[in-house]
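In: Next come a sequence and a model predicted from it.
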Amino acid sequence: MSAKCFSCGIADRLAAGKLWCFKYKFEISDVIAEEKSNCYYFIEPQVEDGEPLTAAQTLMLKECELASRRMRGPV
């Protein structure tokens, strides 16, 4: 289980210990985690004020980061 999906900040824990990708809306399994090892949306879990952010909050941070990268470049 060294695949990135299992340590991603947008992987949401469901009942019975299963993981759900909050961005792409699929259940994470060993096979899928290996296929998505170079995911563009991978982000380490974020902690603010000692509390971990939810998958939705973490996804919002990542999307803002990616959007700000697109705005850079020659003017």
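Out: Right, received. Where do you want to start?

In: secondary structure class for residue 59?
Out: At residue 59 the chain is in helix, as set by DSSP: H, G, I helix; E, B strand; the rest coil.

In: same question, residue 12
Out: Assignment for residue 12 (three-state DSSP): strand.

In: For burial, what's the neighbour tally of it?
Out: 17 (other Cβ atoms under 10 Å). Just so you know, the C-beta spots here come from the backbone N, C-alpha and C atoms, and that holds for glycine as well.

In: Next: residue 70.
Out: Around residue 70 there are 7 other residues, counting by other Cβ under 10 Å.

In: these two touch, right, residue 22 and residue 57?
Out: No. Residue 22 is beyond contact range of residue 57, at 9.9 Å (criterion: Cβ atoms under 8 Å).

In: neighbour count winner among those two?
Out: Neighbour tally, residue 22 and residue 57, criterion other Cβ under 10 Å: the higher count belongs to residue 22, 18 against 15.

In: Name the next helix or strand downstream of the helix or strand bottoming out on mean pLDDT in the chain, please.
Out: Least confident element among the helices and strands of the chain, by mean pLDDT, DSSP states H and E: helix 30-35 (a mean of 76). Heading C-terminal from helix 30-35, the first helix or strand you meet, by DSSP states H and E, is strand 47-48.

In: What are the contacting residues of stretch 12-28?
Out: In this structure, residues lying in contact with stretch 12-28 by Cβ atoms under 8 Å, 6 or more residues apart in numbering are 5-6, 8, 10-11, 32, 36, 41, 54-56, 58-59.

In: Look up how far residue 57 lies from residue 6.
Out: Using Cβ to Cβ, to the nearest Å, one gets 19 Å for the distance from residue 6 to residue 57.

In: which residues touch the least confident helix or strand of the chain?
Out: With Cβ under 8 Å, 6+ apart as the test, helix 30-35 has contacts from 1, 3-6, 26.
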